[in-house]
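A.B. asks: Make a model of this:
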Amino acid sequence: MSTQSSFGIKKNVTFACILVISLAASGLLFASGIIRYWDNIFYDLCINYRVLKGQETRNKLIATIDLDDKSIEDLWEQIDNREAFADLLAVFEDTNTAVILDFTFGLEKNGDRAFTRAVRSPGNTVIATLAVEKGMVNKPYKPLTEEEKSRFARHIWHITVTEKGKVPEAGSFLLPYPALVEAAGQVAFINMEPDDDGTYRLVHLLYEWEGGYIPSLSLAAAVSHFGIPVESIELKAGSYIALPRSEKEVVRIPIDEQGRILIPYTETWKDDTGRIPFNTVVEATYDDDVFNTVKNGLTGHIALVAEISTSQKDFGPTSFEKLYPLSVIHAEVLSGILDGLEKKAFIGWASLPYKTIILLLLIGAAFLCINTRKEFGFHLGFLLVFLVFSGLTLFRWGNYAIFPWFAFPTALLFFLWLSAFLQRLFIRYREQLLLHNALSRYFPHALAERIMREGKTDLIPAYKELTILFSDISGFTKWSSNKSPDQVHNFLSDYLESMAEILFAHGGTIDKFMGDGILSFFGDPLDLPNHTERCLQAAIAMQEKVRILAKKWKPIVDIDLKVRVGINTGKVIVGNLGNKTRIEYTVIGAAVNLAQRMESNAPVRGILVTEAVHEKVKDKFVFQEKRYVTVKGYADTIEAYVVKL
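C.D. replies: Residues are numbered from 1 along each chain as shown. The predicted structure is shown next:
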């Protein structure tokens, strides 16, 4: 297998590990609910912007009639005995207004006969009920009697079910009084449950009951308004509820598996200027001037009547308002259904194919970023991927009202970046450690630390003046020829370690060990103004140490340890030299060769230096007689000096 293919496999395995770790971390966040929490925060920001700064408005056909504190104060007795509701419905009938009553009317009252007649007259009035989920029956809610079930049966929708999903099943209902159940055009539930944090973002559109379904108040009103046959409605839980308005026009309401719709908020409660007080409409029954005033806001409309008095608790927080009437949520959902053929009427969910494609693209982009060698490119790549994904998410929200599926991909992208970044840090640390270990072989520990600290690790070749030292053991080849490998190794290890320690102590750099020989230089990678002096001090210390080692190893391996040292100073090329497959930090040049010639001509147990060395340190060291050395490559003899030890 080629080196390139091995490297490719290693990269893929590394990325696979990073991906698995990132998916696991993101999965844990998802399982803990944190992902959902983050998505809700981002969604709330989007809804806030949509309502406060967006262009969406509630459908103008919807008129909200508020039973507020003033209306209750003015009409208390008529409201209590429901005469006021009968008067209200009379005005609606005169103005051809469809009616949604967000009241349950459980107990019969004195005025119910007139009220019931008023409800029965148009035949399309939607009356509220409360659904009791199956697990809540008998706590304290009671199941319906057979008579109640029979009376309620005509309000059950038998629709086409393509996918049942997890639509909740009702165990009972808090029905209006019997005559009202029979008179109503549709009895529909008004149940609403907030999310775990108390915010209202979703609302059920259907409850399963007795082999069919009971609709929500808003869904029932929309179907009645469009005159849609119930049997033509299609339920595909997890996708949509389809309402065929005609052969060519089908309103598809996006829902989750539980049959819930994301509430398509358009306005704040305080900005809803189209609200009409309950008592004003009742007054129109007796006052023509008032009637003429309100009829324009009612004629041909759908009136949602609900109590919003301060004594009621039907308020809750939304993404944009802390106190919001829950009855107005019915108006917002109804508005969305009425405008359902417009692209931003509903808030949809990101589809599974979209999610899959996004995750694959993010993983692919992360793979490219992770394999970018430069740190700047690595971080910039991830940042650009995040910004592009964020822009796409906001674009889909702004133009198509798609729920911002943002937290999980962002978490995955973050963990991919973090895992890869930590891995890069680990590799960098390991490389630094290896480099430090390698430098420690060339340089003394303190110098290696300084090189690492100052970042002088590239060691680019340079032309500079250095002092070069060569040393060699006299007669080593002959001695080692009849010794065991262990003897040679043990002795040589001790000897070279001792010499290296001395060289390092004086600031020298070890170029290489050549068997028993040593090539060292002074003055690089960090400049040493007195590199020549340091080199001679090291050479003298080496010879002193050799005498000690000679006494130590003579009885052990029978070696007559004698070392020659040669030194020269001059201009050389120093740095990392080599090719792609092999590189060395070394010195080359005529000055290096001359130093080696000094070593080969040095006396045994002596140090021979060139004239250039002598000139630099003659006032600091004592030298013996001058010598003239014949050196290969030089026409004239070379002037040299022996250092007096």
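
A.B. asks: Would you tell me what helix or strand Ala90 is located in?
C.D. replies: For Ala90, the element it lies in under DSSP states H and E is helix 83-94.

A.B. asks: ok, and what's touching the next helix or strand along the chain from that helix?
C.D. replies: Where DSSP H and E defines the elements, the next helix or strand beyond helix 83-94 is strand 98-101. Residues from elsewhere that reach strand 98-101, judged by Cβ atoms under 8 Å, 6 or more residues apart in numbering: 85, 89, 92, 122, 124-128, 217-218, 221, 224-225, 301-305, 330, 334. Placement of C-beta: from N, CA and C, glycine included.

A.B. asks: cool, and stretch 119-137?
C.D. replies: 89, 92-93, 98-105, 141, 143, 168-176, 180-181, 183-191, 207, 209, 214, 217, 220-221, 224.

A.B. asks: what about dumping the CA coordinates of it to PDB?
C.D. replies: The C-alpha coordinates for stretch 119-137 follow below in PDB (Å, rounded to 0.1, in the frame of the first residue of the first chain):
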ATOM      1  CA  VAL A 119     -78.400  28.900  17.800                       C
ATOM      2  CA  ARG A 120     -80.600  26.500  15.700                       C
ATOM      3  CA  SER A 121     -81.800  29.200  13.300                       C
ATOM      4  CA  PRO A 122     -78.700  29.600  11.100                       C
ATOM      5  CA  GLY A 123     -77.700  26.000  11.600                       C
ATOM      6  CA  ASN A 124     -73.900  26.700  11.400                       C
ATOM      7  CA  THR A 125     -73.100  28.000  14.900                       C
ATOM      8  CA  VAL A 126     -70.000  26.400  16.400                       C
ATOM      9  CA  ILE A 127     -70.200  25.700  20.100                       C
ATOM     10  CA  ALA A 128     -67.300  24.800  22.400                       C
ATOM     11  CA  THR A 129     -66.700  21.700  24.400                       C
ATOM     12  CA  LEU A 130     -63.800  20.400  26.500                       C
ATOM     13  CA  ALA A 131     -62.200  17.100  25.500                       C
ATOM     14  CA  VAL A 132     -61.100  14.900  28.400                       C
ATOM     15  CA  GLU A 133     -58.200  12.700  27.400                       C
ATOM     16  CA  LYS A 134     -58.700   9.000  27.900                       C
ATOM     17  CA  GLY A 135     -56.400   8.800  31.000                       C
ATOM     18  CA  MET A 136     -58.300  11.600  32.800                       C
ATOM     19  CA  VAL A 137     -61.700  10.000  32.800                       C
END
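
A.B. asks: coming back round to it: for PyMOL, write the selection for the buried entries among the contacts of stretch 119-137.
C.D. replies: Buried residues among those (16 or more other Cβ atoms under 10 Å), as a PyMOL selection:
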select buried, resi 89+92+98+99+100+101+102+103+104+105+141+168+170+171+172+173+174+175+176+180+181+183+184+185+186+187+188+189+190+191+207+209+214+217+220+221+224
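
A.B. asks: Need the phi and psi values for Ser471.
C.D. replies: Phi and psi for Ser471, reported as degrees, to the nearest 10, are phi -140, psi 150.

A.B. asks: do Val609 as well
C.D. replies: phi -120, psi 160.

A.B. asks: just checking, it touches Glu599?
C.D. replies: No. Assessed by Cβ atoms under 8 Å, Val609 is found out of contact with Glu599, at 10.4 Å.

A.B. asks: how much distance is there from the helix holding Ala90 to the middle of the chain?
C.D. replies: 57 Å (Cα atoms, centre = their mean, to the nearest Å).

A.B. asks: and it, which residues are buried?
C.D. replies: Glu83, Ala84, Phe85, Ala86, Asp87, Leu88, Leu89, Ala90, Val91, Phe92.

A.B. asks: Show me what it is packed up against.
C.D. replies: helix 76-80, strand 98-101, helix 112-120, helix 278-283, helix 288-295 (3 or more Cβ pairs under 8 Å, 6 or more residues apart in numbering; DSSP states H and E).

A.B. asks: Swap in 7 Å and give it another go.
C.D. replies: Under the contact criterion of 3 or more Cβ pairs under 7 Å, 6 or more residues apart in numbering; DSSP states H and E, helix 83-94 touches helix 112-120, helix 278-283.

A.B. asks: any idea of the mean pLDDT in it?
C.D. replies: What helix 83-94 shows for mean pLDDT is 93.

A.B. asks: quick one: contacts for Gly185?
C.D. replies: Gly185 makes contacts with Gly123, Asn124, Thr125, Val126, Ser224, as judged by Cβ atoms under 7 Å, 6 or more residues apart in numbering.

A.B. asks: ok, and the closest non-adjacent residue to it?
C.D. replies: Nearest non-adjacent residue to Gly185, counting by Cβ to Cβ, 6 or more residues apart in numbering: Asn124, 4.0 Å away.

A.B. asks: Quick check: that neighbour vs Ile253, distance?
C.D. replies: Distance of Asn124 to Ile253, computed by Cβ to Cβ, to the nearest Å: 20 Å.

A.B. asks: quick one, which of the two is more surrounded?
C.D. replies: Ile253 (22 against 18; other Cβ atoms under 10 Å).

A.B. asks: ok, now which ones touch the nearest residue to the more buried one once chain neighbours are set aside?
C.D. replies: Spatial nearest neighbour of Ile253, excluding adjacent residues (Cβ to Cβ, 6+ apart): Ile241 at 4.6 Å. Taking Cβ under 7 Å, 6+ apart, we find Ile241 in contact with Leu205, Ile233, Leu235, Ile253, Ile255.

A.B. asks: 6 Å instead, please
C.D. replies: For Ile241, the contact set (Cβ atoms under 6 Å, 6 or more residues apart in numbering) comprises Leu235, Ile253, Ile255.

A.B. asks: List the contacts of Ile261.
C.D. replies: Applying Cβ under 6 Å, 6+ apart, one finds that Ile261 lies in contact with Leu205, Ile253, Ile255.

A.B. asks: what does the average pLDDT come to for the strand or helix carrying it?
C.D. replies: Secondary structure from DSSP H and E places Ile261 in strand 260-262. Taken as a whole, strand 260-262 has a mean pLDDT of 96.

A.B. asks: quick thing: my sequence starts at 464, can you match it?
C.D. replies: Done: numbering now begins at 464, and the last item shifts to strand 723-725.

A.B. asks: what about that strand, distance to the chain center?
C.D. replies: 27 Å.
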